[in-house]
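Q: this is a predicted model, with the sequence first.
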Amino acid sequence: MKLPYYAVIFTSKETKNIEGYSEMSEEMKELAKQQEGFLGLESARNEIGITVSYWKSLEAIKNWKQNSDHLVAQKKGKENWYSWYNVKICKVEREYELGEL
């Protein structure tokens with residue numbers, strides 16, 4: 001990814017009622033991939049869930065947040081699936097790694 005870019009870090013705790021969550025999560029991943037400015041996504045779930053999505057610009061993040069299908073998913077998440085969540089938006093200015101994923 002060309003530097004700098006932006007990362008949206010979504011950390012959450014699920015409720016016990018997660019019916020439909022997996023399907024909506026997959027749908028949102030596929031929809032995010034179609035958005036202008038989307039660069040990638042990483043996700044892990046255990047005691048808490050962490051999803052990091054990468055974007056070219058703050059405008060691309062704003063457009064994704066306001067996407068009508070994403071708004072539906074956000075509403076369902078607030079009402080049904082999350083007991084807590086936190087969102088952080090960060091500018092990535094430098095990165096490095098070891099080995100291959």
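A: Perfect, thanks for sending it.

Q: C-alpha from now on. contacts and neighbour counts both.
A: OK.

Q: can you show me the helices along the chain?
A: 21-33, 58-65, 68-76 (DSSP state H).

Q: tabulate those (a markdown table), appending distance to V87.
A: As requested, the helices of the chain are exported to a markdown table (distance: least, C-alpha to C-alpha, whole Å):
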| stretch | distance to V87 |
| --- | --- |
| helix 21-33 | 16 |
| helix 58-65 | 11 |
| helix 68-76 | 12 |
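
Q: pick the most deeply packed of these.
A: helix 58-65 (a mean of 16; mean count of other C-alpha atoms under 10 Å).

Q: any idea how far that helix is from the chain center?
A: Distance of helix 58-65 from its chain centroid, counting by C-alpha atoms, centre = their mean, to the nearest Å, is 12 Å.

Q: by how many degrees do it and helix 68-76 diverge?
A: Interaxial angle, helix 58-65 versus helix 68-76 (axes from the mean of the first three to the mean of the last three C-alpha atoms, to 10 degrees): 70 degrees.

Q: contacts for helix 58-65, please.
A: Helix 58-65 is contacted by residues 6, 8, 32, 35-38, 55, 70-71 when judged by C-alpha atoms under 8 Å, 6 or more residues apart in numbering.

Q: mean confidence for that helix?
A: Averaging pLDDT along helix 58-65 gives 97.

Q: what of stretch 80-98?
A: Here the average pLDDT along stretch 80-98 is 96.

Q: again with stretch 33-42
A: Rounded mean pLDDT across stretch 33-42 is 96.

Q: show me which residues of that stretch are buried.
A: Of all the residues in stretch 33-42, those buried under the rule 16 or more other C-alpha atoms under 10 Å are 37-39, 41.

Q: in TSV: those, plus distance to K88.
A: As requested, those are exported to TSV (distance: C-alpha to C-alpha, whole Å):
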residue	distance to K88
G37	18
F38	16
L39	17
L41	15
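
Q: so which of the residues you listed are in strands?
A: Using DSSP state E, the members of those that fall in strands are 38-39, 41.

Q: still on that earlier bit, out of the helices of the chain, which comes closest to G49?
A: Nearest of the helices of the chain to G49, taken as C-alpha to C-alpha: helix 21-33 at 11.8 Å.
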